[in-house]
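1. test case, fold it:
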Amino acid sequence: MPIAALITWVITAALGTYMVATWRKHGGLQSGSATTHLPPVRVFTHLGLAVVGLLVWIVFVVTGMAVWAWVAVADLVLVALLGAILVRRWIVDGRQAMSGAASASSVELAEQHIARAPVVLHGVFASITVVLVLLTALGVGTG
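-> Below is the predicted model:
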């Protein structure tokens, strides 16, 4: 199970990296402007904590020390909370754009250039990762 969690975590990270790159390409780093509603500090805190957690998980896989699995679980709780905040904003802005609620003078938001498929897949793989990491930390599936 630890290797399966590692694989799903790497897939999640790849999808997240793609989304951050798309967001940056379309002006996401221009915080405080009309080009994004996602504060860069929130985006990069989410990304940074996810990378740190992945590194912690690799340490767990190599050492087998249960404490590292629990540190990864705690890290994932924070990552998931930040991710939920980011995706909620992405959904709200997307709905407004689709309904035409945004004014004609408003700028197209950087995060709205991120297609639905990578967002959904990122969430699915992230959820699977959280479950696998938690089950591993609890010792489920170990003989």
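2. show me what the lowest-mean-pLDDT helix or strand in the chain packs onto, helices and strands only.
-> Comparing every helix and strand of the chain by mean pLDDT, DSSP states H and E singles out helix 66-99 as the least confident one, with a mean of 90. Applying 3 or more C-beta pairs under 8 Å, 6 or more residues apart in numbering; DSSP states H and E, one finds that helix 66-99 contacts helix 40-63, helix 116-138. C-betas here are computed from N, CA, C, even on glycine.
3. among those helices, which is nearest residue 1?
-> For those, the distance to residue 1 is smallest for helix 116-138, at 4.9 Å, taking C-beta to C-beta.
4. pull out the buried positions in that closest one.
-> By neighbour count with 16 or more other C-beta atoms under 10 Å, helix 116-138 contains the buried residues 119, 121-123, 125-126, 128-130, 132-137.
5. with stretch 80-90 instead?
-> 80, 82, 83, 86, 87, 89, 90.
6. return the member of those residues nearest to residue 142.
-> Closest to residue 142, out of all of the buried residues of stretch 80-90 and judged by C-beta to C-beta, is residue 80, at 24.0 Å.
7. quick one: residues contacting the closest one.
-> Taking C-beta atoms under 8 Å, 6 or more residues apart in numbering, we find residue 80 in contact with 126, 130.
8. and it, how close does it get to residue 55?
-> Going from residue 80 to residue 55 by C-beta to C-beta, to the nearest Å gives 17 Å.
9. what's the burial count for the nearest residue to residue 78 once chain neighbours are set aside?
-> Once flanking residues are discounted, residue 78 sits nearest to residue 49: 5.5 Å by C-beta to C-beta, 6 or more residues apart in numbering. The tally of other residues near residue 49 (other C-beta atoms under 10 Å) stands at 19.
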